[in-house]
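K.L.:
Please work out how this folds:
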Amino acid sequence: MKRLAVALSFLLAVPGIVSAQSVAEQLNDYPTAARADYVFACMVTNGQTREMLDRCACSIDEIASILPYEQYLEAETVLSMRRVGGERMSFFQSAAMAENLVADLRRAQAEAEIICF
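P.N.:
Below you'll find the model as predicted:
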């Protein structure tokens, strides 16, 4: 995580490196399949209506505006590993880094729920 922060600060300090990506690409770094998976799961949970399609799509759009895709993917991986259980997976239950990733995702989801639902 520390290496990522150092690399990111280097990229931001060097002009022209980050600007290679357009603003649209920076704001839309979630693959379509990831967005669709989220919407399908959301609709299964909340009802499979047109209204829920709109609300669930709004929700993933809000989450994407808050969290970069890489951070979203890491948090989803931690949550997935927590469901597996077992001694080897106990790291994902208690590690501070894992907790922070999940907490950031939960905050983004809460904000999306307020806006979209």
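K.L.:
what residues are up against the residue nearest the centre of the chain?
P.N.:
The geometric centre of the chain, computed from its C-alpha atoms, lies nearest to residue 72 (CA atoms, centre = their mean), at 2.2 Å. If a contact means CB atoms under 8 Å, 6 or more residues apart in numbering, then residue 72 has 30, 34, 63-64, 105, 108 as its contacts. (Each C-beta comes from the backbone N, C-alpha and C, glycine too.)
K.L.:
where do the helices sit along this structure?
P.N.:
Per DSSP state H, the chain has helices spanning 2-13, 23-27, 32-46, 50-66, 69-84, 91-94, 96-116. These are given in chain order.
K.L.:
Kindly compare burial across those helices and name the winner.
P.N.:
Scoring these by mean neighbour count under mean count of other CB atoms under 10 Å gives helix 50-66 as the most buried, with a mean of 17.
K.L.:
Packing partners of that helix?
P.N.:
Helix 50-66 sits against helix 32-46, helix 96-116, with contacts defined as 3 or more CB pairs under 8 Å, 6 or more residues apart in numbering; DSSP states H and E.
K.L.:
what does it rub up against?
P.N.:
So helix 50-66 is contacted by 27-30, 35, 38-39, 42-43, 46, 72, 105, 107-109, 111-113, 115-117 (CB under 8 Å, 6+ apart).
K.L.:
If we use 6 Å, what do you get?
P.N.:
Here helix 50-66 makes contact (CB atoms under 6 Å, 6 or more residues apart in numbering) with 30, 35, 38-39, 42-43, 46, 108, 112, 115-117.
K.L.:
and the residues you listed as TSV, adding pLDDT and distance to residue 94?
P.N.:
Below are the contacts of helix 50-66 laid out as TSV (pLDDT from 0 to 100; distance: CB to CB, whole Å):
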residue	pLDDT	distance to residue 94
30	97	28
35	98	31
38	98	26
39	98	31
42	98	28
43	98	33
46	96	31
108	98	22
112	98	27
115	98	32
116	98	32
117	95	31
